[in-house]
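Student: Mind folding the following:
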Amino acid sequence: MKSSIKHIVLVFLVFISLNTSAQSSSLNTDSIQLYIEQAEIFLEEYKYQQALEKVYAASKAAKFNDDDKSKAKIHNLLGQIHELNQQESEALTNYRTALTNSLGRLKIKTDSTRYNGIKNLEDSHDIAKGIKDTTKMIIPLLNLAEHYIDQNDYQTSDKYLTKARALLSSNYDLEQSQNIKLSNLLGKYFLRVRRYERAEEHINNAIAASKSEIDNIENNTRLISTYHIELATAYYTKHKVYRAKKDFENAIPYLEKHRENIFKAEELTRKVELIRAKIEFEVDQMRDQVNQANEKDAKNYSKEIKWQIITILGVVLILISLAFLISSYKNNLQKKKLNNDLIEKNKELVNAKETAEQVSTLKSQFISTVSHELRTPLYGVIGLTSLLMEHPEEKKKNEYLESLKFSGDYLLALINDVLQLSKIETNEVKLEKVSFDLRSLIEGIVNSLHSKQKNNNNTVHIDIDKNIKTTLLGDSVRLSQILINLIGNALKFTHNGNIWIKVKSRESEGDSYKLRFIIKDDGIGIPKSKQATIFENFAQVKNENQEYEGTGLGLAIVKKLIHLHKSEIYIDSEEGVGSEFTFDLVYEKAVKEKDISYQTGESISIGTTNFNILIVDDNKINQIVTQNILKKKGYTCDLASNGMKAIEMVKTNSFDLVLMDINMPEMNGLDATTVIRTFNSHIPIIALTAVEEGEIRDQALSVGMNDVIIKPYDTQQFFQTIMKNISKVKYIN
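Tutor: Sure thing, here's the model as predicted:
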């Protein structure tokens, strides 16, 4: 019965220990090293019990981590503990396991094991070399050198001494005792080979170093005893040197010093032995106390064991019940979570289905609207071109051409608006900070819309708050796009009326303005039913006097650009009275620049307009269009159909400017510019391309181009860009 009870208790304790040990098995190499260092400290203080506890803890961790290097150190420590307690068989076992220097040192002392001892010392050196442990490499070398000196094998001993000296000279952080031992061995070596001066030099080094370490208060008793032995060895070797030199009078005092230090070492060893004996006595006392306590506990065991079993079984039942309840609770929680996740996934699927249907509807609406908007002006372009070809009479020619120009402008506006809207919605548009003059910008926009203003007989009024310093820092391009759309709409839907452009300063804090922009007209107005949707894509207010009024994207772009500035736009309109659009933007103040990029006309004048320009384009129609536009201005032109021809012509002719297409056969415009810049760094080269400006500008400037013009272009802006780039070179020259 008693045996079965013990088995039940043992099984339960093993069950508990397995669960706890599973949680605490994260022993790492840092903890192993810490245990080894603590064991070494306890060993130096002769606290063998505490040292053994740390060694066993390190051994457990080393087995768990499969750490062979630490295992060798652990067995070496166990060997030292057993050796100090005169348990030579246990020490031999641990040294053999570790293959350390200590095993070789024990075996080399006797003839029967000398060969194996030498082999162990050599193996110990190779193992230490493999793990790059300099300390463990030097110890076997010194022991082997000492052995061969005693055997009068000077050639072999010299080999080991040379290796030991090389290691000690390259490692300054090794133990002083190893340096002293090497000096003593060198003294012995040179004594045996009758080089007495060298022998005395090394012995004196050993004597000085040993005395210094004996006086070092940081060294413990065992270490001081070791240094006394080394000092005694040095004195004895020096005694033998004087004897070899037949100087018996000086030899005798060193023999006395040798005996004196041997005595001191033995005295210190006795102190160590006394401490060890005291510890053993204390351990025996503790063992007796434990045995007495065990005997006392054994008497009470039979009475208490029944209650312990009942308690343990009760705890086990409670734990099993708790585990079952916890498991049931977790299962219920998991089921609820899975149900909630399923409900959420179903909602997401429904939302995704609805979104897909909306996207499909919007896609169909977009294709339908764009198809209609493209076909209408294309019909005009094709039809009017046919009429011009069939009826080239002069009286209808101008009328057809004006209509053809209108259709082309409409197509360009539609394409630009669709591209702009796509960029905004994909977050490709980023606000920039450049210096610009607000008044010049607004006046330039009004001038560019002059033909539309003139056609509808409208008057434009510009009113900018006098408190605003008009030189600002911000994204002037986005502001231009907003104002062009709003002012253009006001001019389009107003006849024989007025358009007011007002800019007021709402706040001025430090280096920034909060400006309120108001675009007001007294035109046809916007019906209340349309005001809620006027900013949506392709929303239009029909104008009975025109066949088609616009792309329906302008106000959508305006709203998105204002949102990009983290602001809102507001509308106040009444049908037949007019409309007013209001929005606020924040700009930083800037130092006024001499050269404002917004020009109202070709203000640059450098004395002539008879410039020679090279047009590089592979498209024949584009060549004709560009060439005729330039000739009307009085410029002379040459043509090149690809980059290779352009390079040859720039080398052999003198041009004031190059208009370079990007995409061409044989060599594109970017590569051609790169080559031209190798022999001509000053000629202005402008990219004339249909590629979107944001995609090509950085690339064009990086290869040496000066500017970019996007086809199709505004003629006024086209000539401004040409004049600006030619003037820079003329002024420099």
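Student: my guess is Asn152 is in a strand, correct?
Tutor: No: the assignment for Asn152, made by DSSP: H, G, I helix; E, B strand; the rest coil, is coil rather than a strand.
Student: Would you list the phi and psi of it?
Tutor: Backbone torsions of Asn152, given as degrees, to the nearest 10, read phi 60, psi 20.
Student: Burial check on it, number of neighbours?
Tutor: Neighbourhood size, Asn152 [other Cβ atoms under 10 Å]: 9. (C-beta placed from N, C-alpha, C; glycine too.)
Student: How about the contacts made by it?
Tutor: By Cβ atoms under 8 Å, 6 or more residues apart in numbering, the contact list for Asn152 reads Arg192.
Student: Kindly report the same for Gly704.
Tutor: Gly704 is in contact with 673-674, 676-677, 681, 685, counting by Cβ under 8 Å, 6+ apart.
Student: same question, Lys238
Tutor: Residues in contact with Lys238, defined by Cβ under 8 Å, 6+ apart, are 187, 200, 203-204, 207, 254.
Student: before we move on, what about Val675?
Tutor: Val675 sits next to 643, 647 when contact means Cβ under 8 Å, 6+ apart.
Student: Can you select the buried ones among the contacts of Gly704 for me in PyMOL?
Tutor: Selection of buried members from the contacts of Gly704 for PyMOL, criterion 16 or more other Cβ atoms under 10 Å:
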select buried, resi 673+676+685
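Student: In TSV: the contacts of Gly704, plus secondary structure.
Tutor: Below are the contacts of Gly704 laid out as TSV (three-state DSSP):
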residue	secondary structure
Thr673	helix
Thr674	helix
Ile676	helix
Arg677	helix
Ser681	coil
Ile685	strand
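Student: between the contacts of Gly704, which is closest to Gln289?
Tutor: Nearest to Gln289 out of the contacts of Gly704 is Thr674 (Cβ to Cβ; 94.9 Å).
Student: Check what pLDDT that closest one gets.
Tutor: On pLDDT, Thr674 comes in at 95.
Student: sorry, back to before: out of the contacts of Lys238, which are inside strands?
Tutor: Using DSSP state E, no member of the contacts of Lys238 falls in strands.
Student: Neighbour count and pLDDT added to these, as CSV?
Tutor: As requested, the contacts of Lys238 are exported to CSV (neighbours: other Cβ atoms under 10 Å; pLDDT from 0 to 100):
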residue, neighbour count, pLDDT
Gly187, 28, 83
Glu200, 18, 88
Ile203, 27, 90
Asn204, 14, 91
Ile207, 23, 91
Tyr254, 21, 87
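Student: Tell me how many other residues crowd the closest residue to Asn261 other than its chain neighbours.
Tutor: The shortest distance from Asn261 to any non-neighbouring residue, by Cβ to Cβ, 6 or more residues apart in numbering, is to Ala232 (3.7 Å). A count of neighbours around Ala232, defined by other Cβ under 10 Å, yields 20.
Student: Mind listing what's buried along the helix or strand that Ala232 is a member of?
Tutor: Ala232 is part of helix 221-244, with elements assigned from DSSP states H and E. For helix 221-244, the neighbour count (16+ other Cβ under 10 Å) marks 222-243 as buried.
Student: ok so, going back, so which of the contacts of Gly704 comes closest to Glu40?
Tutor: Thr674 (70.3 Å).
Student: dump the residue contacts of the closest one.
Tutor: 703-704.
Student: Run through the strands of this structure in chain order.
Tutor: Using DSSP E, strands in the chain cover 434-437, 459-464, 471-474, 498-509, 512-521, 569-574, 578-589, 612-616, 636-640, 657-660, 685-689, 707-710.
Student: With mean pLDDT as extra columns, can I get these in JSON lines?
Tutor: Listed next are those as JSON lines, based on pLDDT from 0 to 100:
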{"stretch": "strand 434-437", "mean pLDDT": "82"}
{"stretch": "strand 459-464", "mean pLDDT": "92"}
{"stretch": "strand 471-474", "mean pLDDT": "86"}
{"stretch": "strand 498-509", "mean pLDDT": "87"}
{"stretch": "strand 512-521", "mean pLDDT": "91"}
{"stretch": "strand 569-574", "mean pLDDT": "91"}
{"stretch": "strand 578-589", "mean pLDDT": "91"}
{"stretch": "strand 612-616", "mean pLDDT": "94"}
{"stretch": "strand 636-640", "mean pLDDT": "93"}
{"stretch": "strand 657-660", "mean pLDDT": "94"}
{"stretch": "strand 685-689", "mean pLDDT": "90"}
{"stretch": "strand 707-710", "mean pLDDT": "86"}
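Student: With distance to Lys728 added, can I get those strands in CSV?
Tutor: Shown next, in CSV, are the strands of the chain (distance: least, Cβ to Cβ, whole Å):
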stretch, distance to Lys728
strand 434-437, 18
strand 459-464, 30
strand 471-474, 22
strand 498-509, 32
strand 512-521, 32
strand 569-574, 39
strand 578-589, 27
strand 612-616, 15
strand 636-640, 21
strand 657-660, 11
strand 685-689, 12
strand 707-710, 10
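Student: Check these for me and report the most buried one.
Tutor: A comparison of these by mean neighbour count, using mean count of other Cβ atoms under 10 Å, puts strand 657-660 on top with a mean of 26.
Student: what's in contact with that strand?
Tutor: Strand 657-660 is contacted from outside by 611, 613-617, 626, 646, 650, 669, 672-673, 676, 683-688, 705, 709, 722, 725-726, using Cβ under 8 Å, 6+ apart.
Student: Using the record's assignment, carve this structure into domains.
Tutor: The chain resolves into domains spanning 209-311, 433-589, 612-732 when parsed by automatic domain parsing.
Student: Of all those domains, which one is nearest Asp341?
Tutor: Closest approach to Asp341 among the domains of the chain (Cβ to Cβ): domain 433-589, 35.4 Å.
Student: quick one: terminal-to-terminal distance for the closest one?
Tutor: Start to finish, the residues bounding domain 433-589 are 11 Å apart (Cα to Cα, to the nearest Å).
Student: just stretch 217-226 next, same as before
Tutor: Using Cα to Cα, the end-to-end distance of stretch 217-226 comes to 14 Å.
Student: how close does the closest residue to Val193 other than its chain neighbours sit to Lys238?
Tutor: In this structure, Val193 finds its nearest non-sequential neighbour in Tyr154, 5.8 Å apart by Cβ to Cβ, 6+ apart. Plainly put, Tyr154 is 20 Å away from Lys238 if you go by Cβ to Cβ, to the nearest Å.
Student: how about the closest residue to Ser567 other than its chain neighbours, what does it touch?
Tutor: The spatially closest residue to Ser567, leaving aside those adjacent along the chain, is Asp584, at 5.4 Å (Cβ to Cβ, 6+ apart). The contact partners of Asp584, by Cβ under 8 Å, 6+ apart, come to 506, 514-517, 567-568.
Student: ok, so of the residues you listed, who is nearest Gln50?
Tutor: Within those, the smallest distance to Gln50 is 75.4 Å, found for Ser567 (Cβ to Cβ).
Student: shouldn't that closest one be in contact with Leu561?
Tutor: No: counting by Cβ atoms under 8 Å, Ser567 does not reach Leu561; the two are 9.6 Å apart.
Student: which one of those two has more residues nearby?
Tutor: When neighbours are counted by other Cβ under 10 Å, Leu561 comes out ahead of the other of Ser567 and Leu561, with 24 against 14.
Student: Sounds good, over and out.
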